[in-house]
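> dropping a prediction and its sequence here:
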Amino acid sequence: MTAEITTDEYRALAELRYRIRHFLREGDAVAQAAGLEPQQYLLLLAIRGLPAGAEATIQTLAERLVLKHHSTVELIDRLDRRRVMVSLLPRGERLLEQVARHRIGELRSNGHALVRAIDQLLQKPPQSNSRKTRSNREKAQSKRTTAKRGTIRESH
């Protein structure tokens, strides 16, 4: 029997997703303000942030960007099948630094909320009481019955 997901865990997951989506949306806006499309920023960041010893091949970049090979090829505007090494030009370095500086600053000022959401998910849930009261069992059964009928319940 698996432990039930608690309300606090649902809230922590929702908060984590909210914080991540907010962080990503802000990054897109900052990149666009710097004259980059969000995907271009992500490509520059992937190239500049490769692990030590990793080469910026199409395959590596596709993996790091979680894109298909052909999408990565289109992104760097190369349509051949040769092994292509990609590097940043000075303008790319400057644009990347501008956007990354802003993103790091935002994380330093607002990242605690993201960390808090992750911490809540990493905390071990309290042990469930094996002696549930009859009313708790009835509530759980009601929720399961409602879930079988549809995905949400409206309150009026």
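Received the coordinates, thanks. Residues are numbered from 1 along each chain as shown.

> packing partners of the lengthiest helix in the chain?
Counting residues, the longest helix found in the chain (DSSP state H) is helix 90-122. Judged by 3 or more C-beta pairs under 8 Å, 6 or more residues apart in numbering; DSSP states H and E, the packing partners of helix 90-122 are helix 7-33, helix 38-48. C-beta here means a position set from N, CA and C on the backbone, and glycine is covered the same way.

> between that helix and helix 7-33, how many degrees?
Angle of helix 90-122 versus helix 7-33, following axes from the mean of the first three to the mean of the last three C-alpha atoms, to 10 degrees, is 170 degrees.

> mind checking what secondary structure residue 88 has?
Here residue 88 is recorded as coil under DSSP: H, G, I helix; E, B strand; the rest coil.

> spatially central residue for this protein, please.
residue 20 (5.2 Å; C-alpha atoms, centre = their mean).

> what's that one in contact with, if anything?
Each residue near residue 20 by C-beta atoms under 8 Å, 6 or more residues apart in numbering is listed here: residue 114.

> please renumber the chain so that the first residue is 46 from this point on.
Taking 46 as the first residue, the last one we looked at is residue 65.

> among the helices and strands packed on helix 135-167, which is nearest residue 120?
helix 83-93 (5.6 Å; C-beta to C-beta).

> which residue is the nearest non-sequential neighbour of residue 116?
Nearest residue to residue 116 in three dimensions, chain neighbours excluded: residue 107, at 7.3 Å (C-beta to C-beta, 6 or more residues apart in numbering).

> quick one: that neighbour from residue 87, how far?
Distance of residue 107 to residue 87, given as C-beta to C-beta, to the nearest Å: 12 Å.

> picking up where we left off before, check the gap between the residue nearest to residue 116 and residue 85 for me.
Counting by C-beta to C-beta, the separation of residue 107 from residue 85 is 15 Å.

> residue 157 now?
Taking C-beta to C-beta, one finds residue 157 at 30 Å from residue 85.

> got it, and residue 153?
24 Å.

> more neighbours, these two?
residue 85 (19 against 9; other C-beta atoms under 10 Å).
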